[in-house]
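J.: any chance you could fold what I've pasted below:
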Amino acid sequence: MRPKKHRTTGSNDLFRSRLDQIINMRHELVLLAGRVDWDWIDGEIAPLYSDNGRPGIATRFMIGLLLLKHIYEGVCERWVHDPYFQFFTGEEFFQHVFPHERSDLSHWRKRLGDKLERLLAESLRVAHASGALRSQDLKRVTVDTTVQPKAITFPTDAKLLHAAIKGLNRLAIRHGVRLRQSYARIAKAAAMMAGRYAHAKQFRRHQRQLRILRSRLGRIIRDIRRKTEGQAALEGAFALPLSRATQIGSQQQRQRGWKLYSFHAPEVECIGKGKAAAPYEFCVKASIVTNNQRAPGGLFVLHACSLPDNPYDGHTLRNV
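T.: Numbering: from 1, shown residues only. Down below sits the predicted model:
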């Protein structure tokens with residue numbers, strides 16, 4: 001007898017549906033590339049570039065890559081093999097090698113700054129023009145606040161003092177201010193030993209290391225003030241960093257009132273979340289607005305802004 005053939009109708013249907021889905025997504029990617037006003041975005045971001053130095057990366061390439069990154073995973077690896085990705089980012093010929101470094105995405109995003117609102121406005125314009133977002137979908141919106149994580153570690157006293165010493169040394173080197181002593185080696189060893197003593201619950205030794213860090217930070221602050229006295233340009237460049245370093249050097253662990261939790265990101269606040277694993281988060285409050293009912297294109301972010309100083313939600317609702 002001849003063996004019976006296994007039925008593969010279900011798997012074939014699944015394969016066909018998946019293939020149709022991929023084809024439709026690529027077709028929509030081509031249509032989206034023609035609807036985005038790349039020239040307008042390029043004109044809005046052009047003031048962020050300088051006329052001197054090496055030419056910058058094309059705006060369409062970086063913006064297209066950022067948009068693809070939020071839709072697909074592993075976008076840099078897929079870009080090399082997918083001609084639709086390359087067409088969306090403005091390539092005219094198929095490329096076999098990724099033309100830039102992956103870290104350029106982060107660097108370009110930092111350069112963008114507050115111009116991110118332009119990209120949000122353009123995405124909403126395209127969604128409205130294509131019918132994915134209708135005017136009736138905007139009659140009722142949902143406003144919520146959340147926390148925006150920041151790139152800082154847990155702010156212990158030793159870490160803050162060490163960061164202030166390193167930050168003032170970097171700034172002094174950048175502006176050509178020659179310090180009597182940098183205390184870089186001493187500060188690094190003291191910060192490391194402070195963490196070890198705190199972990200071992202040897203708090204007297206821990207406090208001794210903190211005193212070493214505070215005294216060295218105070219010496220650097222006084223030295224910079226002596227070297228920059230009477231020079232308006234240097235005094236202006238060092239005014240804000242010196243005030244932050246002075247605040248870090250004077251604040252205590254359990255003091256009440258305002259505290260500085262990061263030397264490079266002074267906008268960070270200590271916000272209570274009420275979670276058992278993480279009762280506090282060191283971040284910035286942010287507000288997000290979305291459409292209340294699902295539009296034909298799904299849910300859209302209509303507005304996003306950061307709210308420094310941790311304001312009460314009811315006081316920010318009207319402006320949002």
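
J.: from what I see, residue 310 and residue 271 are in contact.
T.: Yes. Proximity of residue 310 to residue 271 meets the contact threshold set by C-beta atoms under 8 Å, at 5.9 Å. Every residue, glycine included, has its C-beta placed from N, CA and C.

J.: which stretch of helix or strand covers the nearest residue to residue 95 once chain neighbours are set aside?
T.: Excluding the flanking residues, the one nearest residue 95 by C-beta to C-beta, 6 or more residues apart in numbering is residue 86, at 6.0 Å. With elements taken from DSSP states H and E, the one containing residue 86 is helix 83-88.

J.: neighbouring contacts of the longest strand along the chain?
T.: Secondary structure of the chain per DSSP state E: the longest strand is strand 280-291. By C-beta atoms under 8 Å, 6 or more residues apart in numbering, the surrounding residues in contact with strand 280-291 are 133, 137-138, 140-150, 152, 154-155, 261-262, 267-273, 299-308, 310-311, 316, 320.

J.: I'd like the average pLDDT over that strand.
T.: For strand 280-291, mean pLDDT is 88.

J.: same question for stretch 228-247.
T.: 93.

J.: what sits up against it?
T.: Residues contacting stretch 228-247 (C-beta under 8 Å, 6+ apart): 164, 167-168, 171, 175, 177, 217, 220-221, 224-225, 227, 260, 263, 266.

J.: still on that earlier bit, are any of the contacts of strand 280-291 buried, and which?
T.: 133, 137-138, 145, 148, 150, 152, 155, 261-262, 268-269, 300, 302, 307, 320 (16 or more other C-beta atoms under 10 Å).

J.: tell me which two of the residues you listed sit farthest apart.
T.: The largest separation in the buried ones among the contacts of strand 280-291, counting by C-beta to C-beta, is between 137 and 155 at 42.1 Å.

J.: next SSE downstream of the strand or helix carrying residue 204?
T.: Residue 204 belongs to helix 203-228 when assigned by DSSP H and E. Going down the chain from helix 203-228, the next helix or strand is helix 232-250, by DSSP H and E.

J.: I am finished for the moment; much appreciated.
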